[in-house]
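Trainee: Need a 3D model of the following:
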Amino acid sequence: MLRTLDIVLIVVMTAAATVTYTIKHRAENKLEDVRKLEAEIKLEEDTIDLLRADWALLNQPNRLERLVTVYQQDLQLGQTASTQIARPEELPMLKADLPPPDDVLEAMGMAKSKSKKPAAKVDGIATGSVAR
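Mentor: Okay, the predicted model is just below:
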C-alpha cells in the first residue's frame, strides 16, 4: 500500500512540475511580447520626435522667406490684404438659420401677415446669404 501511495505522489509531483513549467514558459513568452511591443512603441515615439524636429526645420521663417524669393516668379505670391480676411458675421448663414419660405409657413398654418417688409438682397450663395 505504501508503494501505491508513493507512485500516486510521484505522479502528482510530476503533474505539478509540468503545470508549473508550462505556466512559467507562457509567462516568459508574454514578457518577451511585452518587451517587443515596448521597443516598437519607443521606435515610434523616436520617429515622431524626429518628424516634429524635421517639421520645425521646414517651417522656419528664414527658410520660407528664401524659398519665396527663389520661386517668386513661378508662384507670384503676394501679401494678404486685410480685406481678404472675413469676420464671422460676414460669412453666409446656414440653411438652418434661414427663415422658412412662405409656402412652408402656409402649409404649417402659420402664414405671414399681409404687411410685407422689403426682402433683403441676397448674393446667391446656395447655403444662405448675407444682406447687402
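Trainee: now residue 39: how far from residue 70?
Mentor: Separation of residue 39 from residue 70 (C-beta to C-beta, to the nearest Å): 42 Å. The way it works is simple: take the backbone N, C-alpha and C, and place the C-beta from them, glycine included.
Trainee: what helix or strand does residue 37 sit in?
Mentor: helix 2-58 (DSSP states H and E).
Trainee: what pLDDT, on average, does that helix get?
Mentor: Confidence over helix 2-58 (mean pLDDT, whole number) is 96.
Trainee: centre of the chain versus that helix, how much separation?
Mentor: Relative to its parent chain, helix 2-58 has a centroid offset of 33 Å by C-alpha atoms, centre = their mean, to the nearest Å.
Trainee: how close does the residue positioned nearest the centre of the chain sit to residue 54?
Mentor: The residue lying closest to the centre of the chain (C-alpha atoms, centre = their mean) is residue 48, at 16.0 Å. Residue 48 sits at a distance of 11 Å from residue 54 (criterion: C-beta to C-beta).
Trainee: Tally up the residues packed near residue 91, please.
Mentor: Neighbourhood size, residue 91 [other C-beta atoms under 10 Å]: 12.
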